[in-house]
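> any chance you can model this:
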Amino acid sequence: PINFTSFLLEVLKMTIQQTTSSATIDCLSVTITTATFAQPRSYFITAQCIHQNASVDDVDNESIPIYRTAASSVTKTPQFNSHKPLLIHLPTSMELSGALETYKVVFEAYAIVSSLDKSNSGKKEAKLMGESVLILHDKKQSLLEQKCVEDVITLEGVLKIDETEKRVPVGQASITMQLTQITQPQPQQSKNERKEKFNKAGTATNSFTIKSAPMDAWPGLAHCDAVMIQINRWWSNDIDLWPESFVHIQHSLCGETVTASHPKSECLNFYELLEVPLQLGKQPEQQDNECAPFVFKLVDEASRQLIESFALPSTCLSVLRQYDFLLQFGAQSKINLDCQLWFVPSRDSLQQLLRQHPNMVVCKLALRALLGFEEKKYRYSVIIEIADMHESLSKVHANKQCIDLNASHIAWQTINDLVSTQKCGWFDFESTECDKLPSHMLFCIDNVLASQQHQIVAKVYRNVPSDQSQSLAAFATIAIQDERS
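Alright, predicted model coming up:
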C-alpha cells in the first residue's frame, strides 16, 4: 500500500480550546451623520489616518486601512448610519498621546456615477469629489478627556481652468468623534496593501441581482470567527483573453479582501486561499448584515475598473459544511468561478451546538503530509469523508455544487444535505504545501460512528493545471472503531 498521507483526527465533545490571541487597539470612533453636496447623487465617505507630514497619495499610505460609510440613496443631503461609526485604528507604534499629536485623518467623498467607458455601458463607478484633512493635534486635549467632539468638515475638490488647478468647496459633512478601545484577534497575514489600493481607486457599484435564499438552521455568519474562501479559477468559454486582474470579495459584516493580481490569460488560475475575519464594531443591526450577500468582483489591475461581479446569498450557507462551488453568472457571457467556501466556527457556537445536539460529534482534521506525490507538474486535492462501508468507493468523489445564479429558480436546499456535513477537503495545492493548509471540521451524528457500518475514506486527486483535468491518484480507508478506541 502507498503511504501517501497522514492526518490528525480529534473527536471533540464539550471542550473546545480557544486558540486565537487578541489585542486591545486604540481607535478614533467617527460618526458621519449628514452631508451636503450640490448635486443629487449616491455618496459615500472614506477616512484614513496618516502621518500629518504625509501626502494622501504617498506610496507608504497604501498599507494603511481605509474606512468607509455605506453608499447613500440619491440625494443632495445624504444621511449615514449613526449606529455604525468608523472605528479608525490609531498607530500602535507609539503612545496614544503621541499619535494624536502627529497624525491626521483624511476624509474623501465619492459619488457613484455611470462609467465613461462605452464598453462598460450600464456599469457604475465611484468618482472622487473632494477631500478634507482633520489635524488630530487640534482635538487632542478634548479627545484625551474622553469628550465627544463635534465638527463640520469642508470637502474640497480640484477645478481645472485653463490648465490651472484651483481648489473649490464641493460639500460639507457633520461629524462627531471620540476615543474608544476595541479587542480583536491578532492580525493574520493578509492582502491589505492591494485591498487599500483598490479602495483608494474607487469602488464600482455592482451589476448583479441578489437571489433570495432560505435561512439555514445554523447560518455560518452567525456562528463563526472567520470566513475562508479559496479562489481557484475564473473563466468563460466566450472570452478569449482576460486582462491582468484580481478578485475582490466583500461582505458588510466580514469586510473585504482580494487575491493577488493574475497576468493576462484566457483563464485566470488564482488558486489562492483568503481569510475574511469578521469586523468588530458591526454589532448594531448585525442580523441584517448576516443576511447580506458575499459580493465577488473581478477588477482590472491597470484601470481599477470593474469587469464583472455577482452576489452569492449568505443566508443558506451553514457553519456545519464546507462548500465546493462551481458558480455560473454573467448577463452577457456565462462566467464560471471555481471556489471553496467554509466558516471557522466560534467557540461559543460549537459549545451551543453540542449542548443542543448531545449526539453530535465534532471531528477536527488536519492534513500533515502528502508523501509519494512530489511531481511538480501536478496539483492535488484530498477529500475525506465518513461514508457507509457498503457503498461503492466510486461514489465518494469530489462532485462540485454547480449553481447557475442566472437561473429563475435555484434549489438552495440541495447544497445542505445531511451527508455533506460528513465530508471535507483540501483543494488544488502542491504536495509541498501541506504544512500551510488549514484544519477542517466534520460534524457527524454519534450513532453513525457507533454503527460499525461506516469508515473514513480518504482520496487523493491529481489535477493537471494545463488542461484542468482531474484523476484519482490513490485512496485509503480507515475503520472508525479503530480510531475511537
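
> ranges for the strands of the stretch 1-150 of the chain?
Here the stretch 1-150 of the chain has its strands, by DSSP state E, counting those that start in this stretch, at 5-12, 22-37, 42-51, 67-68, 86-89, 103-114, 124-135, 149-161.

> any chance of those in CSV, plus distance to Gly171?
Every residue, glycine included, has its C-beta placed from N, CA and C. Output for the strands of the stretch 1-150 of the chain, formatted as CSV (distance: least, CB to CB, whole Å):
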stretch, distance to Gly171
strand 5-12, 54
strand 22-37, 4
strand 42-51, 8
strand 67-68, 16
strand 86-89, 18
strand 103-114, 6
strand 124-135, 6
strand 149-161, 5
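
> quick one: closest of those to Lys423.
strand 5-12 (14.1 Å; CB to CB).

> and Pro410, that's in a helix?
In this structure residue 410 is Ile, not Pro. No: counting by DSSP: H, G, I helix; E, B strand; the rest coil, Ile410 is not part of a helix but coil.

> and it, how far from Thr176?
Counting by CB to CB, to the nearest Å, the separation of Ile410 from Thr176 is 43 Å.

> show me the strands in the stretch 151-300 of the chain, by range?
Using DSSP E, counting those that start in this stretch, strands in the stretch 151-300 of the chain cover 164-185, 224-235, 245-251, 255-258, 267-277, 294-300.

> return the most buried member of the ones you listed.
For the strands of the stretch 151-300 of the chain, the largest average neighbour count (mean count of other CB atoms under 10 Å) is found in strand 245-251, namely a mean of 24.

> just checking, what packs against that one?
For strand 245-251, the packing partners by 3 or more CB pairs under 8 Å, 6 or more residues apart in numbering; DSSP states H and E come out as helix 192-201, strand 224-235, strand 255-258, strand 267-277, strand 294-300.

> what average pLDDT does it get?
Strand 245-251 shows a mean pLDDT of 90.

> just want the angle from that strand to strand 267-277.
30 degrees (axes from the mean of the first three to the mean of the last three CA atoms, to 10 degrees).

> how many residues are close by Gln453?
Neighbour count of Gln453, defined by other CB atoms under 10 Å: 12.

> go on, Ser29?
Using other CB under 10 Å, Ser29 is surrounded by 17 other residues.

> before we move on, what about Gln413?
11.

> if I pick Gly157, what's in contact with it?
Listed by CB atoms under 8 Å, 6 or more residues apart in numbering, the contact set of Gly157 reads Leu128, Met129, Gly130, Glu131, Arg167, Val168, Pro169, Val170.

> which residues does it bridge with?
Following DSSP bridges, Gly157 is listed with bridge partners Val168.

> can you tell me how far the spatially most distant residue from the centre of the chain sits from Asp338?
Largest separation from the mean C-alpha position in the chain: Asp162, at 44.8 Å (CA atoms, centre = their mean). Applying CB to CB, the value for Asp162 to Asp338 is 53 Å.

> returning to what we had before: to Thr77, which of the strands of the stretch 151-300 of the chain lies closest?
Per CB to CB, nearest to Thr77 of those: strand 164-185, 9.6 Å.

> mean confidence for that closest one?
So the average pLDDT for strand 164-185 ends up being 84.

> likewise for stretch 100-109?
94.

> export the helices and strands packed on strand 245-251 to a markdown table and tack on mean pLDDT and distance to Ile45?
Shown next, in a markdown table, are the helices and strands packed on strand 245-251 (pLDDT from 0 to 100; distance: least, CB to CB, whole Å):
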| stretch | mean pLDDT | distance to Ile45 |
| --- | --- | --- |
| helix 192-201 | 46 | 12 |
| strand 224-235 | 89 | 26 |
| strand 255-258 | 83 | 17 |
| strand 267-277 | 86 | 23 |
| strand 294-300 | 90 | 20 |
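
> Gln470: which of those is closest?
Comparing those by their distance to Gln470 (CB to CB), the top pick is strand 224-235, with 11.7 Å.

> quick check: Thr477 touching Glu391?
No: using CB atoms under 8 Å, Thr477 makes no contact with Glu391, being 11.3 Å away.

> what bridges to the most centrally placed residue in the chain?
The residue lying closest to the centre of the chain (CA atoms, centre = their mean) is Val276, at 3.9 Å. Counting by DSSP bridges, Val276 is bridged to Val227.

> relative to Leu367, how far out is it?
Look at Val276 and Leu367: by CB to CB, they are 22 Å apart.

> ok, Ile445 next?
24 Å.

> between these two, which one's more packed in?
In this view Ile445 and Leu367 are compared by other CB under 10 Å, and Leu367 has more residues nearby, 22 against 16.
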